[in-house]
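**Q** Generate a structure from the sequence data that follows.
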Amino acid sequence: MSMVSEFRSFIAKGNVVDLAVGIIIGAAFTGIVKSLVDDIVMPIVGAITGGGFDFSNYFLPLSSAVTAPSLAAAREQGAVFAYGNFITVLINFVILAFIIFLMVKAVNKMRLADEKKSADETPAPPPADIQLLTEIRDLLKAK
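**A** Purely as a prediction, here's the structure:
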């Protein structure tokens, strides 16, 4: 088997295609969730906390040459320990994870409702006497 045909066989497998679709959908979903957090949730949190939610300019200079008031300017002057940026990213992650949790919970609830609906649509089993007569008939046919 040549390498080209082997590669074609590998790409044609369902798992690879499913993975590619999952990555593309995941990238699109990431954009949706990021917009939800940045454009809807964070402005509300900022309004509640009075806009004091941004820790990104909190840092400790690691050399005496750093005297800048902002993180970007301090990084230009020398090494800094940017703990505030980490705190901001961590808080954003927790909010993002909570929103994803709520979205997955809603999707699972819809999925369970669909499963229940399809289970309700399945025909009811025959009554016990009909089932018994069917079993007797099958036994007589087998002899």
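**Q** okay, now M103: neighbour count?
**A** Counted by other C-beta atoms under 10 Å, the residues lying close to M103 total 14. (Glycine included, C-beta is placed from N, CA and C.)
**Q** just use 44 as the starting number from now, easier for me
**A** Taking 44 as the first residue, the last one we looked at is M146.
**Q** Would you verify that it is located in a helix?
**A** Yes - assessed with DSSP: H, G, I helix; E, B strand; the rest coil, M146 lies in a helix.
**Q** tell me the pLDDT at it?
**A** pLDDT, M146: 83.
**Q** looking at this structure, which helix or strand does the model trust least?
**A** In the chain, the helix or strand scored least confidently by mean pLDDT, DSSP states H and E is helix 85-92, which has a mean of 77.
**Q** Next, the buried residues of it.
**A** By neighbour count on 16 or more other C-beta atoms under 10 Å, the buried set for helix 85-92 is M85.
**Q** and it, what other elements does it pack with?
**A** helix 126-164 (3 or more C-beta pairs under 8 Å, 6 or more residues apart in numbering; DSSP states H and E).
**Q** between the helix it packs on and helix 85-92, how many degrees?
**A** Put simply, helix 126-164 runs at 120 degrees to helix 85-92, going by axes from the mean of the first three to the mean of the last three C-alpha atoms, to 10 degrees.
**Q** any idea of the mean pLDDT in the helix or strand that comes right after helix 126-164?
**A** Reading on from helix 126-164 to the C-terminus, the next helix or strand found by DSSP states H and E is helix 171-185. Averaged across helix 171-185, pLDDT comes to 87.
**Q** re earlier: how far away from the center of its chain is the following helix or strand past the least confident helix or strand of the chain?
**A** Per DSSP H and E, helix 85-92 leads on to strand 103-104 as the next helix or strand towards the C-terminus. Counting by C-alpha atoms, centre = their mean, to the nearest Å, strand 103-104 is centred 35 Å from the centre of its parent chain.
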